[in-house]
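In: below is the structure, and that's it, no one-letter string:
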């Protein structure tokens with residue numbers, strides 16, 4: 001069927017010139033995409049270097065404070081606040097860590113500083129590893145991926161053009177409006193579902209690796225793209241494929257939402273920090289009990305004994 005369709009297209013006058021023009025446009029898109037991908041990666045590496053340069057001062061002060069385990073002087077307290085304020089310009093620190101830094105600026109509490117120190121160490125180590133992977137020569141698989149990755153834009157454009165040409169010329173979908181009958185609406189539903197598949201396939205292809213933070217998003221994008229496999233059953237499966245895609249799209253808003261502040265009392269709080277957090281709360285309760293005992297009024301029996 002595809003061979004007959006291609007032969008029919010080549011029979012049109014001037015089709016070869018149009019085909020060569022499309023190939024030139026797709027090649028230009030690939031060159032532009034490769035340039036933009038490289039520039040985007042260079043900008044990200046530059047921003048990571050700036051983030052590590054800014055956060056290193058704060059990390060060093062927190063490490064020195066933890067090793068000395070003594071109260072900060074007024075000068076050290078001022079330097080710590082200055083370092084925390086400077087971290088507002090560190091664009092690659094997570095929003096949770098930025099919230100934690102803002103909380104410590106308002107209230108320089110030792111327990112919060114300890115939690116912030118651990119979170120900052122984790123994120124700095126992750127950023128340093130990413131910077132080292134970029135600085136060292138790529139391995140074989142990464143080199144191949146760097147060549148294939150810029151082809152996402154030309155491939156998406158070619159796929160959309162193919163779907164439009166197939167729907168208009170071969171299926172002649174414009175001659176059968178979807179509101180006439182349910183049978184006429186099925187090709188339109190399949191066309192919309194396939195366009196959605198191309199869009200999310202492009203997102204899956206072109207999006208950078210985001211680690212564990214983007215696992216749910218990538219899983220949703222993959223499932224939405226894989227729903228198009230239902231079209232292999234036949235035209236009758238088009239409504240089910242489009243329905244599943246819409247359900248997954250709507251569910252993405254709830255599955256990838258930001259957790260509320262009540263779920264994370266300290267910004268950047270993780271399961272590994274529960275023990276430290278509970279010990280800090282116990283220490284605060286003990287200090288509160290001592291303060292209450294100091295201001296407790298004496299009984300008459302205690303006065304007579306004195």
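Out: All right, it came through fine. This structure is a prediction, so every number in the text was calculated from the model and none was measured.
In: helix/strand/coil for residue 93?
Out: What DSSP: H, G, I helix; E, B strand; the rest coil gives for residue 93 is coil.
In: beyond the host helix or strand of residue 162, next helix or strand please.
Out: Here residue 162, judged by DSSP states H and E, is contained in helix 152-165. Using DSSP H and E, the next helix or strand after helix 152-165 towards the C-terminus is helix 182-206.
In: any buried residues in that next one, and which?
Out: Buried positions in helix 182-206, judged by neighbour count with 16 or more other Cβ atoms under 10 Å: 185-191, 193-194, 196-206. Any C-beta I mention is one placed from the backbone N, CA and C, and that applies to glycine too.
In: show me what the next helix or strand after that helix is in contact with.
Out: Using DSSP H and E, the helix or strand that follows helix 182-206 in sequence is helix 215-226. With contact meaning Cβ atoms under 8 Å, 6 or more residues apart in numbering, helix 215-226 is reached by 196-197, 200-201, 203-204, 207, 210, 245, 248-249, 251-252, 255-256.
In: what does stretch 55-69 give?
Out: 72, 76, 79-80, 83-84, 86-87, 90, 93, 113-114, 116-117, 120-121, 123-124.
In: which of those are buried?
Out: 72, 80, 83-84, 87, 90, 93, 113-114, 116-117, 120, 123-124.
In: what about residue 38, which helix or strand?
Out: Here residue 38 is assigned to helix 15-68, by DSSP H and E.
In: and the helix holding residue 162 with helix 15-68, angle?
Out: Helix 152-165 and helix 15-68 are oriented at 140 degrees to each other (axes from the mean of the first three to the mean of the last three Cα atoms, to 10 degrees).
In: shaky segments in the stretch 51-200 of the chain?
Out: Along the stretch 51-200 of the chain, segments meeting pLDDT under 70 span 70, 137-138, 140-141, 173.
In: any idea how the protein splits into domains?
Out: Listed domain ranges for the chain are 40-136, 147-255 (source: automatic domain parsing).
In: those domains: which one's closest to residue 33?
Out: Closest of the domains of the chain to residue 33 is domain 147-255, at 4.0 Å (criterion: Cβ to Cβ).
In: on that earlier part again, and the contacts of helix 215-226, which is closest to residue 154?
Out: residue 201 (13.3 Å).
In: mind checking how far the closest one is from residue 246?
Out: Remark: distance between residue 201 and residue 246 (Cβ to Cβ, to the nearest Å) = 17 Å.
In: same check on residue 42?
Out: Applying Cβ to Cβ to residue 42 and residue 246 gives a distance of 38 Å.
In: now residue 108, what's its secondary structure?
Out: coil.
In: do I have it right that it meets residue 76?
Out: No - between residue 108 and residue 76 there is no contact, the gap being 10.8 Å when judged by Cβ atoms under 8 Å.
In: run the chain-centre distance for the helix holding residue 38.
Out: In terms of Cα atoms, centre = their mean, to the nearest Å, the centre of helix 15-68 is set 15 Å apart from its chain centre.
In: equivalent analysis for stretch 55-69, please.
Out: 29 Å.
In: kindly report the same for stretch 72-86.
Out: Chain-centre distance of stretch 72-86: 32 Å, with Cα atoms, centre = their mean.
In: equivalent analysis for stretch 89-105, please.
Out: Relative to its parent chain, stretch 89-105 has a centroid offset of 17 Å by Cα atoms, centre = their mean.
In: next one: stretch 94-114
Out: Using Cα atoms, centre = their mean, the offset of stretch 94-114 from its chain centre is 23 Å.
In: and that stretch, what's buried?
Out: For stretch 94-114, by 16+ other Cβ under 10 Å, it's 96, 97, 98, 100, 101, 103, 104, 111, 112, 113, 114.
In: for that stretch, measure first residue to last.
Out: Separation of the first and last residues of stretch 94-114 by Cα to Cα, to the nearest Å is 17 Å.
In: for stretch 158-177, same thing?
Out: 25 Å.
In: and residue 92, backbone torsions?
Out: phi -100, psi 10 (degrees, to the nearest 10).
In: ok, it touching residue 53?
Out: No - using Cβ under 8 Å, residue 92 makes no contact with residue 53, being 11.3 Å away.
In: those two: who's more crowded?
Out: Using other Cβ atoms under 10 Å as the criterion, residue 92 and residue 53 rank with residue 92 on top: 17 against 11.
In: what is the burial count for the nearest residue to the more buried one once chain neighbours are set aside?
Out: Excluding its sequence neighbours, the residue lying closest to residue 92 (Cβ to Cβ, 6 or more residues apart in numbering) is residue 51, at 4.2 Å. Residues lying near residue 51 (other Cβ under 10 Å) number 20.
In: cool, thanks, signing off.
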